[in-house]
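S.K.: Generate coordinates for the sequence data below:
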Amino acid sequence: MTLLDPTLDFLGVFADVGEADRAVWRRAHSYADDVLPVINDHWEQARYPLELVRRLGELDLLTDGVEVEGHEKLSPLGAGLACMEVSRIDGSMAVVIGVQAALCLRSIAFHGSPEQRGRWLGPLAAGEELGAFALTEPTHGSDAVALETTAVLDGDEYVLNGEKRWIGNGAGGDVTVVWARMEDGQVGGFIVEQDTPGYDAEVITGKVSLRAIHQAHIRLRDCRIPRANKLPGANTFKDTSRVLEASRAGVAWSAFGHGLAAYEIALGHARERSQFGRPLAKNQIIQQRLADMLTDVTNMALQCRQLARLEGSGELLGPQAAMAKVHNTRAARRVVADARDLLGGSGILLENHVVRHFADMEALHTFEGTDTIQSLIIGRALTGTSAFT
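M.R.: You can find the predicted model right below:
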């Protein structure tokens, strides 16, 4: 794999990337040397390769643009390029960045006390400890605002009860930011160390997407944590949404990475594969399909570059991030499906990598707000009327 050449960046969207951001991009690009030789085996066996997670920390790619002492602060463009490039390599490892950095670390950075930030941000950014973000529940996914997990203050402790589902790093990790309804009816954030009595988590099995990272079903049964583990800045669902909106742009970048990888593989296959005595690339229908795929990839790139510009100037709004998420996950699904088909029977073999991106995109299309929910966020901004209920 190479950084983008003109057949991949057709409009030169990233031709003017500055050296600092390009250096981050190159670090992320180098991660392929660690991942690609082994990831298909891990994916096929549903193994979570923690050595690859630690490698992300060594490459200083686990901050997602959040400022952490002792680590480089990535610009929105640099963080986006890193997310794109890791997704271009493998979706499961990109989700590590999303869970560990964009959600868990960001929650503590945005809403934590100085003591909480001092305790957790460094180890999370270095990949020395694994962090989770527990919002989704078995009966509350898209309507996360209606969550039922409770946090009741009892003396100097909070008592947590409820269940969470689809929580990356939620089992076998170190710390989970749990979102729960407090006695005043508002939603608060709580730091729960995973070895706390009453915290029980099991890895969800049977997944056919993102198989090289584990998601957990968590059960909280009279789980007691110190009062000091409450995130002081997380007191309403708006505070939760602030984290989600900041991380949603990363989903758009990640979808771009998946689509780019699939297009790149399809282009190489068309150039190298011969059928009926001629290269596939000499067929009109193949050229048309490649042109359509590149158009989708280019439009994803344009959306991402604009997101980075808006975020860098402090102008990025939630509905704008929602639009990029909707557009890019839809476009990436088209591209990976077309690439899988263009490779024929070879397209279903893990050794050719496309089918891994094909399967992983299904999860990406759904998480951090489904296509429908993101569309309703945009629709509310357009009309001034909520259609959620």
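
S.K.: how does the chain divide into domains?
M.R.: 19-125, 131-236, 238-383 (automatic domain parsing).

S.K.: Look up the closest residue to E44, ignoring the ones flanking it.
M.R.: Nearest non-adjacent residue to E44, counting by CB to CB, 6 or more residues apart in numbering: L350, 6.1 Å away. To be clear about C-beta, it is placed using only N, CA and C from the backbone, and glycine gets the same treatment.

S.K.: Do I have it right that the one you found meets F358?
M.R.: No: assessed by CB atoms under 8 Å, L350 is found out of contact with F358, at 10.7 Å.

S.K.: Let me see the ranges of the helices in the chain.
M.R.: 19-30, 32-35, 39-45, 50-58, 76-89, 91-96, 106-111, 114-125, 237-272, 284-312, 318-342, 354-366, 371-383 (DSSP state H).

S.K.: and the fifth one, which residues are buried?
M.R.: Judged by neighbour count using 16 or more other CB atoms under 10 Å, the buried positions of helix 76-89 are 76-89.

S.K.: And for the fourth one?
M.R.: Of the residues in helix 50-58, those scored as buried under the neighbour-count criterion (16+ other CB under 10 Å) are L52, V53, R55, L56, G57.

S.K.: number of nearby residues for E264?
M.R.: 22 (other CB atoms under 10 Å).

S.K.: which non-adjacent residue is nearest it?
M.R.: Once flanking residues are discounted, E264 sits nearest to L8: 6.1 Å by CB to CB, 6+ apart.

S.K.: Just give the number of residues close to that neighbour.
M.R.: 17.

S.K.: Please tell me the pLDDT value assigned to it.
M.R.: The model reports L8 with a pLDDT of 88.

S.K.: measure it to V354 for me?
M.R.: 16 Å (CB to CB, to the nearest Å).

S.K.: ditto for G65
M.R.: With distances taken as CB to CB, G65 is found 30 Å from V354.

S.K.: do the same with V24
M.R.: Remark: distance between V24 and V354 (CB to CB) = 26 Å.

S.K.: same thing with T7?
M.R.: Here T7 is placed at a distance of 17 Å from V354 (CB to CB).

S.K.: Wait, G162 touches E137, no?
M.R.: Yes: between G162 and E137 a contact is recorded at 6.9 Å, counting by CB under 8 Å.

S.K.: Now for those two: what residues contact both?
M.R.: Common contact partners of G162 and E137 (CB atoms under 8 Å, 6 or more residues apart in numbering): L147, E148, T149.

S.K.: so what's the residue lying closest to the last one once chain neighbours are set aside bridging to?
M.R.: Meaning T149. Distances taken as CB to CB, 6+ apart place G162 nearest to T149, at 2.7 Å, with adjacent residues excluded. With DSSP bridges as the criterion, G162 is bridged to L220.

S.K.: how about G162, what does it touch?
M.R.: Residues near G162 by CB under 8 Å, 6+ apart: E137, L147, E148, T149, T150, A180, L220.

S.K.: Looking at the residues you listed, spot the one nearest G268.
M.R.: G268 lies nearest to E137 out of those, by CB to CB, at 42.9 Å.

S.K.: Alpha carbons of stretch 349-359, in CSV - could you do that?
M.R.: Extracted as CSV, the C-alpha positions of stretch 349-359 are listed here (Å, rounded to 0.1, in the frame of the first residue of the first chain):
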residue,chain,number,x,y,z
LEU,A,349,-11.2,-15.1,0.1
LEU,A,350,-9.8,-13.3,3.1
GLU,A,351,-6.3,-13.4,1.5
ASN,A,352,-7.5,-10.7,-0.9
HIS,A,353,-8.8,-8.5,2.0
VAL,A,354,-11.9,-7.1,0.2
VAL,A,355,-14.4,-9.4,1.9
ARG,A,356,-13.1,-8.3,5.3
HIS,A,357,-13.8,-4.7,4.4
PHE,A,358,-17.2,-5.8,2.9
ALA,A,359,-18.2,-7.4,6.2
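
S.K.: buried sites along it?
M.R.: Under the neighbour-count criterion of 16+ other CB under 10 Å, stretch 349-359 has N352, H353, V354, V355, R356, H357, F358, A359 buried.
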